[in-house]
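> Got a sequence here, can you model it:
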Amino acid sequence: MAKEAGTFQEVPEAPETTADTADAGTTEESKLDRAALIVSKYATASAAAGLLPLPLADVTLIGAVQMKMVHSLSKLYEVPFSSQWTRSLLASLAGGVASDGIGRVGLGSMLKLIPGIGHVASALALPGVAWATTSALGQVFTEHFAGGGTLLTLDLKVWRPVFREKVSVSTQKN
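Purely as a prediction, here's the structure:
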């Protein structure tokens, strides 16, 4: 929105590229680029949520950020969104790989209960783990949606190992 003389006016959005106006390959690349930006934005927001000083509030906010990311990816790929299904899928994907980093989110949050040193330890660990897990989730949903999948067709037996690997790679980088 643009502000003019004390009022707000709607600024028109750029027209979306369609198959009618661009090569289908270019459109798909553009969609993947937009998905990567969405994932990056929400992974960063998730890391910031990990800095909240309140135990468990940070984990709740990280979960909300991840839900919003999946909603944005669903919208980009024109996939019907269901918060109930998404919540279930996020819990199933994340819960299945607790030893690969997701459990560290809860531990990082609980460290905040220890006066002084707990906040420092949590501030060092939790944002990186939150970023890595959110990024990995975003990549999994992007690949699944880009391949024509929906929330109802996400096969956990296929995607859980992919997610585990992406989290492992991301946490090793941090």
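> Would you enumerate the residues in contact with residue 161?
Shown in contact with residue 161 (CB atoms under 8 Å, 6 or more residues apart in numbering): no residues. All C-beta spots, glycine's among them, are computed from the backbone N, C-alpha and C.
> For it, give its distance to residue 36.
Between residue 161 and residue 36 the computed distance is 22 Å (CB to CB, to the nearest Å).
> Residue 139 now?
Applying CB to CB to residue 139 and residue 36 gives a distance of 9 Å.
> Also residue 155?
23 Å.
> Show me which of the two is the more surrounded one.
residue 36 (14 against 9; other CB atoms under 10 Å).
> element containing the more buried one, please.
helix 24-49 (DSSP states H and E).
> what is the rounded mean pLDDT of the longest helix seen in the chain?
Scanning the chain for the longest helix, with DSSP state H as the assignment, gives helix 117-146. Across helix 117-146, pLDDT averages out at 81.
> I'd like to check the angle between that helix and helix 24-49, please.
Using axes from the mean of the first three to the mean of the last three CA atoms, to 10 degrees, the inter-axis angle of helix 117-146 relative to helix 24-49 is 160 degrees.
> Just the buried positions in helix 117-146, please.
119, 122, 125-142, 144-145 (16 or more other CB atoms under 10 Å).
> What helices and strands are in contact with the helix holding residue 36?
Here helix 24-49 touches helix 57-76, helix 117-146, going by 3 or more CB pairs under 8 Å, 6 or more residues apart in numbering; DSSP states H and E.
> Tell me which of these sits nearest to residue 50.
Closest to residue 50 of those, according to CB to CB: helix 117-146, at 3.8 Å.
> Which SSE is immediately downstream of the closest one?
helix 156-173.
> send the alpha carbons of that following helix over as PDB?
Once non-C-alpha atoms are left out, helix 156-173 reads as follows in PDB (Å, rounded to 0.1, in the frame of the first residue of the first chain):
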ATOM      1  CA  LEU A 156       5.400 -39.900   4.900                       C
ATOM      2  CA  LYS A 157       7.300 -43.100   4.100                       C
ATOM      3  CA  VAL A 158       8.800 -41.300   1.100                       C
ATOM      4  CA  TRP A 159       9.200 -37.800   2.500                       C
ATOM      5  CA  ARG A 160      10.300 -38.500   6.100                       C
ATOM      6  CA  PRO A 161      13.800 -39.800   5.000                       C
ATOM      7  CA  VAL A 162      14.200 -36.800   2.600                       C
ATOM      8  CA  PHE A 163      13.300 -34.500   5.500                       C
ATOM      9  CA  ARG A 164      15.700 -36.200   7.800                       C
ATOM     10  CA  GLU A 165      18.500 -35.800   5.300                       C
ATOM     11  CA  LYS A 166      17.700 -32.100   4.700                       C
ATOM     12  CA  VAL A 167      17.700 -31.400   8.400                       C
ATOM     13  CA  SER A 168      20.900 -33.300   8.900                       C
ATOM     14  CA  VAL A 169      22.600 -31.400   6.100                       C
ATOM     15  CA  SER A 170      21.300 -28.000   7.300                       C
ATOM     16  CA  THR A 171      22.300 -28.500  10.900                       C
ATOM     17  CA  GLN A 172      25.800 -29.500   9.800                       C
ATOM     18  CA  LYS A 173      26.100 -26.200   7.900                       C
END
